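J.: coords below, sequence missing:
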């Protein structure tokens, strides 16, 4: 690896025999054997010389290495000595520098201490002079100079906090505190003299002196400032308490405007007379307004408790409206920065709401409360921050909002009664299949009124009154569902339409079969559409109510019961439509079961009863589909329920057709196929726009009608030999019920003795239930797969075409 070589002698797997054979491959090559031997000997001699030279060259290596090591050790010793000398010289230099700078350090410390002493002495001089001046100016009431001087003295005194152990410094500090206390008492006395608690205000008061006194109060203890503000506002509002005492006529709610007009005049008067006396940062105008609100709320609460029986709805709403307007005016004029000191907290800004009930639009129309799902996909508009003064006065009306709630209860009751009377007077809505089933106008009117109530109540309170209003909403949602919707659904009768079998056999008959008129069908569809609208709107109403109410009360808002009520109305409406069409088809099925199928001699076109069924379907279904155009999912439910009702009934009547001849069975098979095609086309029958039927509906029809076809196919099969017939029945119907097998034997017209043997054989041929099963699974054993059903359908169609 170190010295790569192509010589065969250097290979690790060298083989002497192979090497010699390579040198002498033939006998003729042995002629030059001497030459080859000489070359190898020469090579051996050269290798020996090289080895000898290398060995001799390594003889003196050890001695040279020891010599080099000794020289290196000597060099290291010399280097260590030089480093030690350098270190000694550096220590001497450092000592020399210290001796040189010792005097400089002493001078530096002396300078710093001297500077501190001079500064402290200057501060002490300023403090002593300032205290003397402060005391003198205080006695002379020179508040303008005191305001600036006091702040400076306080700032200088802070520098002496660490020297309070010195008696002189402590004495100066006590003098400053005494001066501050004297200033506070003196300023309060000046304000009391200028604005006495009793009597009239002094018009010639020392406004300039008091203005400077306010500047001094900013530097003094905050309690002095608060005391000045409290006394001034109390004196300023003393006239209000006298004018609007509880026994005064102007104190009642009908003259609440006068309260707010009074404070507006007072605020204007304050700005003119005293606006410049108090510092701007005191926000005195706002403080006066806030204190007025607190006093007004307390006074109104007291007078309303006393005269609670005199409170009417209109009077209460008038007072609330004027009060909220005043609170809105305060929000425009003031920032609400002083509310942190009061009892009313600034409300948090709620998240943006997409509540359509809160849209403030003039003239509430029906389309204002249509809440579609697409609205939730639109970007939400940021809500304007709430009024910080909201509730500062109007909170006092909340305990009396029961009057408003009772009024809304009464109004909604009258509204429902008016809806009932209007419906009876105007009658059901006119059929309009072009535009689809219309929602009853009363529904929109109800939710418009709900919108108005919710907006109004949310402005009054978001607490218990909203819960009470929700209870009222629930009450009248249920009443609307039962009185307007369920109460106006057409009633079914027990008669079958007065048709006879003879009339059913006439192909042109059938127009009189429907029990409900066109107007009644349109009414049912309109009620169904209205119930769906109410269901969706009630669900969103619940969400909006939860957005408006306090978070702690959110769980108490639940309109699930009302939504279930509207779901029941929808279900009843669909059931009525199904029963109507189902009942219209009953006479035709009865006629089918009473026909003499054993006497049918040839297979012709579809039977008259099939034509009658198709005619009824073509009469009813297009009307229902057009009137439910806006609620496609409920039309699909109607189709599914009709299929689930009609197909089992058709099979039961099929079992009543006995006995049946071979030709009769073929005719029934043709009729069944025709009904199956009509049922598959039921969702789009009579429509210009052909739509594919829903997969869920198609599956029900195919499964049910295929069973009817298989029943007829078993009836058509020969019953000899019995084993083949029984196996064929089990394979085609996958029905292990003895009753079903008995019915098929009756349809074939077999005698009782033959049926008995067939039944015994049927029980023997039944497949055993799977181990561990309860036997119920055997009913579906051997059920045909969808591919098998499709194959059988194709065979059946070929059979029908062949017969035709």
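T.: Yep, it's here. Keep in mind it's a predicted model, so treat the numbers as computed, not measured.

J.: helix, strand or coil: sort out residue 719 for me.
T.: coil (DSSP: H, G, I helix; E, B strand; the rest coil).

J.: can you pull the contacts of the nearest residue to it once chain neighbours are set aside?
T.: Spatially, and ignoring its direct neighbours in sequence, residue 719 is nearest to residue 725 (4.6 Å; C-beta to C-beta, 6 or more residues apart in numbering). C-betas here are computed from N, CA, C, even on glycine. Going by C-beta atoms under 8 Å, 6 or more residues apart in numbering, residue 725 touches 717, 718, 719, 758.

J.: which strand or helix spans residue 725?
T.: Using DSSP states H and E, residue 725 sits in helix 722-733.

J.: buried ones in that helix, by neighbour count?
T.: For helix 722-733, the neighbour count (16 or more other C-beta atoms under 10 Å) marks 725, 726, 729, 730, 732, 733 as buried.

J.: sorry, back to before: quick one: which of the contacts of residue 725 has the most company?
T.: Tallying neighbours with other C-beta atoms under 10 Å puts residue 758 at the head of these, with 21 neighbours.

J.: relative to residue 522, how far out is that residue?
T.: If you measure residue 758 against residue 522 using C-beta to C-beta, to the nearest Å, the figure is 53 Å.

J.: with residue 716 instead?
T.: Using C-beta to C-beta, we find residue 716 at a distance of 45 Å from residue 522.

J.: tabulate the contacts of residue 725 (CSV), appending pLDDT and distance to residue 526.
T.: Formatted as CSV, the contacts of residue 725 follow (pLDDT from 0 to 100; distance: C-beta to C-beta, whole Å):
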residue, pLDDT, distance to residue 526
717, 82, 51
718, 83, 56
719, 76, 55
758, 81, 55
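
J.: can you redo these as a markdown table with distance to residue 243?
T.: Output for the contacts of residue 725, formatted as a markdown table (distance: C-beta to C-beta, whole Å):
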| residue | distance to residue 243 |
| --- | --- |
| 717 | 107 |
| 718 | 112 |
| 719 | 110 |
| 758 | 108 |
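
J.: show me the domain layout of this protein.
T.: Here the domain parsing of the chain from the TED database is 156-313, 394-490+516-570.

J.: got a markdown table for those domains, with mean neighbour count too?
T.: Shown next, in a markdown table, are these (neighbours: other C-beta atoms under 10 Å):
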| stretch | mean neighbour count |
| --- | --- |
| domain 156-313 | 16 |
| domain 394-490+516-570 | 18 |
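
J.: worst mean pLDDT among these?
T.: Here the domains of the chain differ in mean pLDDT, and the lowest is domain 156-313 at a mean of 76.

J.: okay, the residue positioned nearest the centre of the chain and residue 674: tell me how far apart.
T.: Central residue of the chain (C-alpha atoms, centre = their mean): residue 543, 9.5 Å from the mean position. Counting by C-beta to C-beta, the gap from residue 543 to residue 674 is 50 Å.

J.: and if you look at residue 521?
T.: Residue 521 is 25 Å from residue 674, where distance means C-beta to C-beta.

J.: which stretch of helix or strand covers residue 690?
T.: Residue-wise, residue 690 maps onto no helix or strand under DSSP H and E.

J.: repeat that for the one 10 residues further on.
T.: For residue 700, the element it lies in under DSSP H and E is helix 695-716.

J.: distance between that helix and the chain's centre?
T.: Centroid separation for helix 695-716 versus its chain: 45 Å, with C-alpha atoms, centre = their mean, to the nearest Å.

J.: identify the residues contacting that helix?
T.: For helix 695-716, contacts defined as C-beta under 8 Å, 6+ apart pick out 636, 639-640, 643-644, 647-648, 650-651, 654-655, 660, 662, 665-666, 668-669, 672-673, 675-676, 679-680, 682-683, 728-729, 732-733, 744, 747-748, 789, 792-793, 796.

J.: try 7 Å this time
T.: Identification of contacts with helix 695-716 by C-beta atoms under 7 Å, 6 or more residues apart in numbering yields 636, 639-640, 643-644, 647, 650-651, 654, 660, 662, 665-666, 668-669, 672-673, 675-676, 679-680, 683, 728-729, 732-733, 744, 747-748, 789, 793, 796.
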